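Novice: Need coordinates for the below:
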Amino acid sequence: MAAFTASVIPIVSFILITLAVRCHATALIEGLYCGKKNCYDVLGINRDSDKQDIAKSYRRLARKYHPDVSKESDPEEKFREVANAYEILKDDESRRDYDYMLDHPEEFYGHYYRYYRRRMSPQVDVRVVIAGVITFVSIFQYMHGWWRYNDAMKYLLNEPKYRTMAVSKANELGLLSKIERRKRPKEDVKADEEAVLRKMLEENVDVRGGYSRPSLWDVMWVRVVLLPYTLVLYVIWWFKWQWTYFVMKQEYTEEDRHYLTRKALKLTTVQWESIGREKQSELIEKELWVNDNFQAYTNQQQEEMKAKYAESAKYRRYRRYMKNHKPGPIVDSD
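Specialist: Numbering: from 1, shown residues only. Purely as a prediction, here's the structure:
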């Protein structure tokens with residue numbers, strides 16, 4: 001038995017050594033990195049060399065094999081090999097992947113994935129791309145807001161009702177009389193008058209909704225920066241709400257009744273404020289945040305709408321028309 005073991009051990013050792021050498025040989029894959037050549041050997045360095053040694057060796061070999069000055073045979077091919085090896089080893093992540101391939105030749109497909117993932121992936125940092133997109137959207141958002149606000153101001157200036165109000169306010173403050181008119185072109189005087197009237201409208205007319213005056217607080221960049229703070233406030237508000245109204249069973253405050261009614265009706269803050277105090281009080285008294293009350297209110301609104309349509313002469317004419325002129329059959333043109 002001992003003799004058999006002694007004879008087998010050398011054979012097994014030979015097989016293991018052969019497999020190890022074979023695996024090391026297959027670590028260099030054609031089409032990946034430096035192909036069948038070792039990038040370290042191409043630059044004449046070892047795996048312990050630092051970036052400074054790599055750059056120094058590359059400059060030396062680049063001068064030696066540059067096609068314009070080299071007297072070597074086929075200098076262009078050697079110059080490309082040197083440049084390719086330098087591009088792979090000068091980058092820390094690329095060098096790490098290459099070293100991993102040398103140490104783990106058995107992961108054949110994994111090496112292809114890591115190699116082409118790095119080559120095909122964008123070279124620009126994703127964070128820079130995201131920041132650029134947010135910046136572009138923020139600038140567009142702010143400029144578009146000013147464009148819509150200026151459009152609203154032009155509309156109000158041309159509307160007789162608001163223009164008369166602006167002129168009245170300007171005369172009360174004596175602003176129009178202060179405009180210098182002597183020896184000035186009529187166009188300049190007209191522009192100054194329009195500027196005064198616009199200022200009066202901005203101070204006395206509350207423009208809301210999509211045409212409101214743009215604010216930096218609404219810009220996307222500011223919202224992103226303040227997002228953590230906003231989330232913290234929301235979490236605090238949510239726990240406070242649960243504790244106050246579900247644990248302590250307290251009555252809703254007036255402010256919270258406004259909030260619940262607005263949410264039940266699915267109205268924005270601007271839409272809610274635009275319906276007036278009297279209508280708000282009427283809706284709050286109905287306690288629409290209670291599902292049964294909301295369903296009753298919805299049914300009531302539908303009945304009122306039907307009654308309104310029934311009293312409408314235009315709607316009655318439409319119903320008579322649809323009754324007397326029913327849609328004809330669909331005919332296939334083919």
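Novice: Strands of the protein, residue ranges please.
Specialist: Read by DSSP state E, the chain holds no strands at all.
Novice: quick one, domains of it?
Specialist: Following automatic domain parsing, one gets these domains for the chain: 25-120, 127-221, 251-324.
Novice: now could you export just the CA positions of stretch 140-154 as PDB?
Specialist: Taking Å, rounded to 0.1, in the frame of the first residue of the first chain, the C-alpha atoms of stretch 140-154 are listed here in PDB:
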ATOM      1  CA  PHE A 140     -36.000  75.900 -18.200                       C
ATOM      2  CA  GLN A 141     -38.600  75.700 -15.400                       C
ATOM      3  CA  TYR A 142     -37.600  79.200 -14.000                       C
ATOM      4  CA  MET A 143     -37.500  80.800 -17.500                       C
ATOM      5  CA  HIS A 144     -40.800  79.200 -18.500                       C
ATOM      6  CA  GLY A 145     -42.400  80.500 -15.300                       C
ATOM      7  CA  TRP A 146     -41.300  84.100 -16.100                       C
ATOM      8  CA  TRP A 147     -42.600  83.700 -19.600                       C
ATOM      9  CA  ARG A 148     -46.000  82.600 -18.400                       C
ATOM     10  CA  TYR A 149     -46.100  85.400 -15.700                       C
ATOM     11  CA  ASN A 150     -45.200  88.100 -18.300                       C
ATOM     12  CA  ASP A 151     -47.900  86.700 -20.600                       C
ATOM     13  CA  ALA A 152     -50.400  87.000 -17.800                       C
ATOM     14  CA  MET A 153     -49.300  90.600 -17.100                       C
ATOM     15  CA  LYS A 154     -49.700  91.500 -20.800                       C
END
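Novice: what's next to that stretch, contact-wise?
Specialist: 198, 201-202, 207, 210-214, 216, 218-220 (CB atoms under 8 Å, 6 or more residues apart in numbering). (Glycine included, C-beta is placed from N, CA and C.)
Novice: list the buried ones in that stretch?
Specialist: 142, 145, 148-149, 152-153 (16 or more other CB atoms under 10 Å).
Novice: between the residues you listed, which is closest to residue 251?
Specialist: residue 145 (39.8 Å; CB to CB).
Novice: show me the biggest helix of the protein in terms of residues.
Specialist: helix 126-158 (DSSP state H).
Novice: where does the stretch 1-150 of the chain dip in pLDDT?
Specialist: The model of the stretch 1-150 of the chain has pLDDT under 70 over residues 1-27, 120-124.
Novice: Could I get the full set of helices for it?
Specialist: For the stretch 1-150 of the chain, the helices defined by DSSP state H, counting those that start in this stretch occupy 2-26, 39-43, 51-65, 75-90, 92-103, 108-120, 126-158.
Novice: Looking at those, which is nearest to residue 170?
Specialist: helix 126-158 (12.1 Å).
Novice: what separates that closest one from the chain centre, distance-wise?
Specialist: Put simply, helix 126-158 sits 15 Å off its chain's centre (CA atoms, centre = their mean, to the nearest Å).
Novice: Check stretch 33-40 too.
Specialist: Centroid displacement of stretch 33-40 relative to its chain, using CA atoms, centre = their mean, is 42 Å.
Novice: In it, which residues are buried?
Specialist: Neighbour-count burial for stretch 33-40, with 16+ other CB under 10 Å as criterion, is recorded at 33-34, 38-40.
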